[in-house]
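Enquirer: kindly generate the corresponding structure for this input.
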Amino acid sequence: MDKKLEEECKNLIEKYRRYKAKSYKIKARNDLYMKMQKDLLIWIKSVLKEWGKFETEGEILSVSWDIFEFGLEYYVIGYSVPEHFYTHTKYFLLNQYAKKENVFLPLEDLEKLLNMYPNPTSNAFVKILDLHRFSDCIPKEHKVVWDDALLSLSPADKDRHRTRGKIGMSDESYRRLKDAYRVMIRFLFK
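Expert: Now for the predicted structure:
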């Protein structure tokens, strides 16, 4: 989307928000959609291609209207129109496909999309993602201790696990390392 078209779209969005009469709002909305339709279709196709999904032209056209209305509802005056609508396109499609089937995204993309509308579920996901990233930094020989420390925080006794003495380190080293990991895990979950 070029700068001239972006400015036209911003003006139409402002008109849409300003108008009180329903007929004027509908006209501004429809004019805006016609100006953005080409870009919306390109964004939808690129996201679907990135995810390895295929939809017919009719389905893409249909979902473009839903995405447009969704993006228009949450648009904040002053934001970049293409950036806002592209991000909302990804978020909308993620919600749509998450209900139907699995979608595999890079964790960073998923975190960015879920943080758009914070809720308890996405906050928990971000904490788990931080925990996962942190665990990637742990040396291989200490992964077992990390897992034991994580499981030891479970309130259910059946989930707790001890590998002490089976991994080639002294019981004292195991216990101290596990205690240190527990502190880190608790910190990451606060």
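Enquirer: surely residue 85 touches residue 71?
Expert: Yes. Counting by Cβ atoms under 8 Å, residue 85 touches residue 71, with 4.5 Å between them. In short, each C-beta sits where N, CA and C put it, glycine included.
Enquirer: more neighbours: which of the two?
Expert: More neighbours surround residue 85 than the other of residue 85 and residue 71, with 24 against 21 (other Cβ atoms under 10 Å).
Enquirer: what residue ranges in this structure score low on pLDDT?
Expert: Along the chain, the model assigns pLDDT under 70 to residues 98-125, 156-166.
Enquirer: can you give me the helices for it?
Expert: Ranges of helices in the chain, per DSSP state H, are 3-18, 22-51, 57-74, 81-100, 107-114, 120-136, 143-152, 171-188.
Enquirer: count of neighbours near residue 40?
Expert: 22.
Enquirer: now swap in residue 181 and tell me
Expert: There are 22 residues near residue 181, going by other Cβ under 10 Å.
Enquirer: may I see the buried residues of stretch 138-147?
Expert: 138, 142, 144, 145, 146, 147 (16 or more other Cβ atoms under 10 Å).
Enquirer: quick one: end-to-end distance for it.
Expert: 11 Å (Cα to Cα, to the nearest Å).
Enquirer: pull up the gap between the residue in the chain sticking out farthest from the centre and residue 147, please.
Expert: Relative to the centre of the chain, and counting by Cα atoms, centre = their mean, the farthest-placed residue is residue 170 at 42.1 Å. For residue 170, the distance to residue 147 equals 19 Å [Cβ to Cβ, to the nearest Å].
Enquirer: residues in contact with stretch 172-186?
Expert: With contacts defined as Cβ atoms under 8 Å, 6 or more residues apart in numbering, stretch 172-186 is touched by 131, 134, 142, 145-146, 148-150, 152-153, 163-165, 167, 169.
Enquirer: how about stretch 29-37?
Expert: 1, 5, 8-9, 12-13, 16, 64-65, 68, 72, 81, 85.
Enquirer: would you turn those residues into CSV with distance to residue 185?
Expert: As requested, those are exported to CSV (distance: Cβ to Cβ, whole Å):
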residue, distance to residue 185
1, 44
5, 49
8, 51
9, 46
12, 50
13, 45
16, 48
64, 44
65, 45
68, 43
72, 42
81, 42
85, 39
